[in-house]
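In: here are the coordinates; sequence isn't available:
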């Protein structure tokens, strides 16, 4: 039986450390693949096709939308960004677990198209800690930080839609927790259906043989 | 914040090794308490009140049923057996995770009364292995074994009602898997509600303070 991969959607407050967390997950465990987005933005120096992004022209992107070829998409600063459905499905079929980092609206769209996607939400251990981390970056104005905290208040109201909340206190513990959560999801009956059906068939064979 | 315990219901095919598994879980981890049943059966030599069972008279048991004081109950060989609700609730409030070993009908009743109970189903890695283990006990007739395999076929059709399927191949791996699954369940949004509400409150306080 080929194990089918799990589609994992990761959202979380800006400053909660999602980026580092996912980078480490992919480095640490062989089974994870970080989703590569499709964009109409022009490549920047050093960016690689199929690694940084899939770079396409606007008409190709729009044809993709028309053919329902994207798991989710959004437009930002005049460019489209989206997640190619075919790529995601290929990875899942090959047994790889695909990690998608998107915000809550996109996450809900993914859940519609892939009902068995696993939705994870990353938080800091406290609001003060979130503020501290945003300030620690040293790259953002007080206004930016305020905006991000305001956004966190709003996002916190949508958390019920997620399957699990991961608290990023100690990074190592957080990686372990995230991996544990995904491993547990593999044991849900809908993901074990083939195994259970096969088991029942074997049982029936045994019982027939003993008649 | 006092952590509330999780009510864990364990079912599984006869011969899958539930008994050993749960005994080890309780020995290994401090947070688990094995549920103690109430029964109208007379104590056998060596059995201790409140450890083996809570021993009561028939009229007391029936009063308990009438007062909805049991999480689930059944009658077997002329005696009642049931799970006292008050004991379970006390343990959960004290932050202990209560493990209940019952069959599928009882499990579904528990889920009705405790919707956030975690339902686990223990299987062997294959049907042949189940047969092998039942035969290995050396205590049962071919007819008994046949009956248990037949029952396993029926039970396998109810598996969808469970939250997770645990495959008991290697015992140590199985213990780890079961513990991991329960730890993951702690991170569901409904169990983190207090934390999220507190977080939002703090965020709002921070934003107010900066006005």
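Out: Noted; the coordinates are in hand. In this text, all values refer to a predicted model and were calculated from it rather than measured experimentally.
In: the helix or strand residue A:119 falls within packs against which elements?
Out: Residue A:119 belongs to strand A:118-123 when elements are defined using DSSP states H and E. Counting contacts by 3 or more Cβ pairs under 8 Å, 6 or more residues apart in numbering or on different chains; DSSP states H and E, strand A:118-123 is packed against strand A:7-12, helix A:104-113, strand A:164-167, helix A:171-185. Yep, even glycine has a C-beta here, placed from its N, CA and C like the rest.
In: so where's chain A uncertain?
Out: Residue ranges of chain A with pLDDT under 70: A:1-2, A:210-211.
In: mind checking the longest helix of it?
Out: Ranked by residue count, the top helix of chain A under DSSP state H comes out as helix A:193-209.
In: quick one: that one to strand B:118-123, angle?
Out: When axes from the mean of the first three to the mean of the last three Cα atoms, to 10 degrees is applied, the directions of helix A:193-209 and strand B:118-123 differ by 40 degrees.
In: hang on, the earlier thing: give me the sheet partners of the strand holding residue A:119 and which way each runs.
Out: With DSSP bridges as the test, strand A:118-123 is paired with strand A:7-12 (parallel), strand A:164-167 (parallel).
In: mean neighbour count, those: which tops it?
Out: strand A:7-12 (a mean of 25; mean count of other Cβ atoms under 10 Å in any protein chain shown).
In: contacts made by that one with the rest, please.
Out: Contacts with strand A:7-12, where a contact means Cβ atoms under 8 Å, 6 or more residues apart in numbering or on different chains, come from A:18, A:21-22, A:32, A:88, A:92, A:97-104, A:106-107, A:110-111, A:114, A:116-123, A:155, A:162, A:166, A:168, A:182.
In: could you pick out the buried ones from those?
Out: Listed as buried from the contacts of strand A:7-12 are A:18, A:21-22, A:32, A:88, A:92, A:97-104, A:106-107, A:110-111, A:114, A:117-123, A:155, A:162, A:166, A:168, A:182; burial here means 16 or more other Cβ atoms under 10 Å in any protein chain shown.
In: hmm, back to that, please identify which of the strands paired with strand A:118-123 is closest to residue B:172.
Out: strand A:164-167 (25.2 Å; Cβ to Cβ).
In: so what touches that closest one?
Out: So strand A:164-167 is contacted by A:12, A:118-125, A:159, A:174, A:177-178, A:181, B:184, B:187-189, B:192, B:195-196 (Cβ under 8 Å, 6+ apart).
In: could you measure residue A:38 against chain B, distance?
Out: Note on residue A:38: its distance to chain B, by Cβ to the nearest Cβ, to the nearest Å, is 31 Å.
In: which residues touch that residue?
Out: Contacts of residue A:38 (Cβ under 8 Å, 6+ apart): A:53-56, A:61, A:64, A:70, A:73, A:80-84.
In: now these in CSV, with secondary structure, neighbour count and distance to residue B:46?
Out: Below are the contacts of residue A:38 laid out as CSV (DSSP: H, G, I helix; E, B strand; the rest coil; neighbours: other Cβ atoms under 10 Å in any protein chain shown; distance: Cβ to Cβ, whole Å):
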residue, secondary structure, neighbour count, distance to residue B:46
A:53, strand, 18, 70
A:54, strand, 18, 70
A:55, strand, 16, 75
A:56, coil, 19, 75
A:61, helix, 22, 75
A:64, helix, 20, 72
A:70, strand, 23, 67
A:73, strand, 19, 68
A:80, strand, 21, 73
A:81, strand, 20, 69
A:82, strand, 22, 68
A:83, strand, 24, 63
A:84, strand, 19, 66
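In: what's the closest of these to residue B:135?
Out: Closest to residue B:135, out of all of those and judged by Cβ to Cβ, is residue A:83, at 51.3 Å.
In: go ahead and confirm that closest one touches residue A:99.
Out: No - counting by Cβ atoms under 8 Å, residue A:83 sits too far from residue A:99 to count as a contact (11.1 Å).
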